[in-house]
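K.L.:
heads up, no residue letters with this:
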DNA sequence: GGCACCTGTCAAAGAGAACTGACACATCTC
DNA sequence: GAGATGTGTCAGTTCTCTTTGACAGGTGCC
């Protein structure tokens, strides 16, 4: 099994992943979930010492990159709790991998689309 | 030699590397240097279609992360030219690697320390 | 009801990164 | 000298990201 190391992520995916991990808080979040296992937002925020809104945003970014996965569950006492856990990702960071991914970067046409306005 | 895959970068190093690669331009720069081999600033800027000052900044960031290396050389006709080339890096991106690196993140004490305030 | 816990979102402020244009310097060629 | 090439840096604008505080909702327990 396994699937080996380094699938072939598209340029945009790799970019999203690298950008997501290139942040102290998010790196710590992934580390906390890796070592402590699944955890829910409010608790994680308390443990990391950051605000809930902030953690919420970071988790969203990590989830968008596919590095963590969240699921809203129903606790035994009926309260809604959102648990997050890390996705077992594995990427090889080498010049070749970068070169290959870079070839498929979507040029994000940041066209300030003021299309015909009105 | 080599050192195989995945040395044990400190948290700050990993952070610098990920942040450096988490950018479209920089990812393309590494790709260009990987495929086209060493190249000098002005030429690279022309090929990538971006301004020299901008490329200069990105290269500096990549160099600070240890992903590329530059050397100011003397061309045959006496002109000074700065060549850049990629450093053969190799990192494994996994939850475990992240957890391990995250443990050594320098907490940048953003001290705003207004201790004792008044 | 009131309190404690969970969830989510928003707007506004703040910080940092990105980008541009202009400048100064050097060398070789015409 | 003028023009083309290369180097570097600086100041200022712009943009994106980050961060906070306040608000909305939900449930269970005393």
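P.N.:
Thanks, I have the structure now. Small disclaimer: the values here were computed from a predicted structure and weren't measured.

K.L.:
Sketch out the low-pLDDT regions of chain A for me.
P.N.:
Along chain A, segments meeting pLDDT under 70 span A:1-6, A:108-118.

K.L.:
one more time with 50
P.N.:
Low-confidence segments of chain A, defined by pLDDT under 50: A:3, A:110-118.

K.L.:
I'd like to know how far the residue nearest in space to the middle of it sits from residue B:75.
P.N.:
Most central in chain A under C-alpha atoms, centre = their mean is residue A:62, positioned 1.5 Å from the mean C-alpha point. Noted for residue A:62: a distance of 47 Å to residue B:75, by C-beta to C-beta, to the nearest Å. (Glycine included, C-beta is placed from N, CA and C.)

K.L.:
ditto for residue A:45
P.N.:
If you go by C-beta to C-beta, the gap between residue A:45 and residue B:75 works out to 56 Å.

K.L.:
Shouldn't residue A:89 be within a helix?
P.N.:
No. Assessed with DSSP: H, G, I helix; E, B strand; the rest coil, residue A:89 is coil; it does not lie in a helix.

K.L.:
Now the closest residue to it other than its chain neighbours: phi and psi?
P.N.:
Distances taken as C-beta to C-beta, 6 or more residues apart in numbering or on different chains place residue A:67 nearest to residue A:89, at 5.8 Å, with adjacent residues excluded. Residue A:67 adopts backbone torsions of phi -90, psi -20, taken as degrees, to the nearest 10.

K.L.:
Against residue B:84, how distant is residue A:67?
P.N.:
According to C-beta to C-beta, residue A:67 stands 30 Å off from residue B:84.

K.L.:
if you count what's nearby, which of those two comes out ahead?
P.N.:
In terms of neighbours (other C-beta atoms under 10 Å in any protein chain shown), residue A:67 is the more surrounded of residue A:67 and residue B:84; the figures are 24 against 20.

K.L.:
quick one: contacts for that one?
P.N.:
A:17, A:20, A:21, A:30, A:86, A:87, A:89 (C-beta atoms under 8 Å, 6 or more residues apart in numbering or on different chains).

K.L.:
I'd like to know which of those residues is nearest to residue A:98.
P.N.:
Residue A:98 has its nearest neighbour among these in residue A:17, at 12.0 Å by C-beta to C-beta.

K.L.:
you'd agree the closest one is in a helix?
P.N.:
Yes. Residue A:17: assigned to a helix according to three-state DSSP.

K.L.:
how close does it sit to residue B:85?
P.N.:
Distance from residue A:17 to residue B:85, by C-beta to C-beta: 25 Å.

K.L.:
In terms of neighbours, single out the busier of these two.
P.N.:
Per other C-beta under 10 Å, whichever of residue A:17 and residue B:85 has more neighbours is residue A:17, with 23 against 16.

K.L.:
residues near the closest residue to DNA strand D within chain A, how many?
P.N.:
With C-beta to the nearest atom of the strand as the measure, residue A:78 is the residue of chain A nearest to DNA strand D, at 2.4 Å. By other C-beta under 10 Å, the residues close to residue A:78 number 6.
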